[in-house]
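Undergrad: let's see this in three dimensions:
(one chain, ligands or ions: 1)
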Amino acid sequence: MLFSVHMDTVEPGGQVEPTLRDGVFYSAGETVLGADDKAGIAEVIEALEVVREEGISHGPIEVVITIAEEIGLVGAKHLDYDMLNAKRGYALDTEGVDWMVLQAPGANHIQVEIEGIAAHAGMTPELGLSAIQTAALAIGQMRLGRIDQETTANIGRIEGGVARNIVPQNVAIVGEARSHDPLKLKEQTEHMLQCFEKAADQMTCTIDGEQLRPKVSVDVHADFPSMSVSENSPVVALAKSAAANLGQNLKIRLGGGGSDANIFNGHGVEMIILATGMTKVHTHDEYVSVVDMVRVTELLVEIIRQS
Ligand SMILES: [Zn+2]
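TA: Below you'll find the model as predicted:
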């Protein structure tokens, strides 16, 4: 049995001043509360304390507290998995209460550089090949946004050109594709890259008797694999059974982003994500109530008891 949580928070963090008002933790200052994911850490530690205090018999339990989750699951990616024996587990790292996440999308980061030819825009535009126009053509014919229920795509940043009167030589574009289905992720990624190639073909022209085509260089890297744990898996059955015993009703929600659980699943640890009670994460209004944290802790204790 493995419990996974992460100790880093998003910015602005640092000097977080937690306050407790009417049984709810808030941040007092201009920072996030950091309940994402400190609520999860507190719940796991408290669950282990309770197990010890009450002398509850249990099998081997492993706990991983990762770093650098928010900036790209870096801690989980660099973990030495030989140190772990557990083959199943729970990540405490999603909003609300009574939720479990069994599926989350995988993502590809896409970086494209287009190199055209610079020229004076007023005197000799026919000697230039516009990288901005090439990018516009490519993005204009690209399927973006919500592709289907389990696939999304975005061009998130574009940067290029030098001055108003220069045909732009270089443009850099950063985007992403996400899908719960690895095949759809591959197809969407290829579609986006093909749009750039097609645009480069469309922009190809003859300059000074020489046929010239904008250069397109692409860099795609898999940011994290998708995760998909079956509803019939032992790890889900155990969570449901533990919840039922406590009169809690665990519901299933689709995950929208990558979390450490994606990486653990990729390393053969069957892991689902449980809600920690944290709410409005990644904002100054983030909060978590003591009652909800107790509820989650009771669930963890019951999972350990039944495992
Ligand atoms: Zn988190």
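Undergrad: what residues does the chain have near the ion?
TA: 36-37, 93 (Cβ under 5 Å from the ion). The way it works is simple: take the backbone N, C-alpha and C, and place the C-beta from them, glycine included.
Undergrad: tell me which residue in the stretch 51-200 of the chain sits closest to the ion.
TA: Nearest to the ion, among the residues of the stretch 51-200 of the chain, is Asp93, at 4.3 Å (Cβ to the ion).
Undergrad: of the residues of the chain next to the ion, which is the most crowded?
TA: Greatest neighbour count in the residues of the chain next to the ion, by other Cβ atoms under 10 Å, goes to Asp37: 29 neighbours.
Undergrad: kindly confirm my reading that it is in a helix.
TA: Yes: Asp37: assigned to a helix according to DSSP: H, G, I helix; E, B strand; the rest coil.
Undergrad: now do the closest residue to it other than its chain neighbours, the pLDDT please.
TA: Nearest non-adjacent residue to Asp37, counting by Cβ to Cβ, 6 or more residues apart in numbering: His6, 4.6 Å away. With respect to pLDDT, His6 has a value of 98.
Undergrad: ok, His6 touching Asp260?
TA: Yes: using Cβ atoms under 8 Å, His6 is in contact with Asp260, at 6.0 Å.
Undergrad: what touches both of those two?
TA: Shared contacts of His6 and Asp260, defined by Cβ atoms under 8 Å, 6 or more residues apart in numbering, comprise 66, 69, 75-76, 93.
Undergrad: for the helix or strand where Val112 lies, what is the distance to the chain centroid?
TA: Secondary structure from DSSP states H and E places Val112 in strand 106-115. Distance of strand 106-115 from its chain centroid, counting by Cα atoms, centre = their mean, to the nearest Å, is 16 Å.
Undergrad: just stretch 171-182 next, same as before
TA: Using Cα atoms, centre = their mean, the offset of stretch 171-182 from its chain centre is 12 Å.
Undergrad: can I get that stretch in CSV, CA atoms only?
TA: Taking Å, rounded to 0.1, in the frame of the first residue of the first chain, the C-alpha atoms of stretch 171-182 are listed here in CSV:
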residue,chain,number,x,y,z
VAL,A,171,8.6,32.7,-35.0
ALA,A,172,8.5,30.3,-32.0
ILE,A,173,5.3,28.7,-31.0
VAL,A,174,4.5,26.6,-27.9
GLY,A,175,1.4,24.4,-27.6
GLU,A,176,0.1,21.2,-26.2
ALA,A,177,-2.2,18.4,-26.8
ARG,A,178,-3.9,16.3,-24.1
SER,A,179,-6.0,13.1,-24.3
HIS,A,180,-7.2,10.3,-22.1
ASP,A,181,-6.6,8.1,-25.1
PRO,A,182,-2.9,7.6,-26.2
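Undergrad: buried stuff in it?
TA: 171, 173, 175-181 (16 or more other Cβ atoms under 10 Å).
Undergrad: can you lay out those as CSV showing secondary structure, distance to Glu187 and pLDDT?
TA: Converted to CSV, these look like this (DSSP: H, G, I helix; E, B strand; the rest coil; distance: Cβ to Cβ, whole Å; pLDDT from 0 to 100):
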residue, secondary structure, distance to Glu187, pLDDT
Val171, strand, 25, 98
Ile173, strand, 19, 98
Gly175, strand, 15, 97
Glu176, strand, 15, 96
Ala177, strand, 9, 96
Arg178, strand, 13, 93
Ser179, strand, 9, 94
His180, coil, 13, 91
Asp181, coil, 9, 91
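Undergrad: next, count neighbours for Ser228.
TA: Ser228, neighbours per other Cβ under 10 Å, totals 16.
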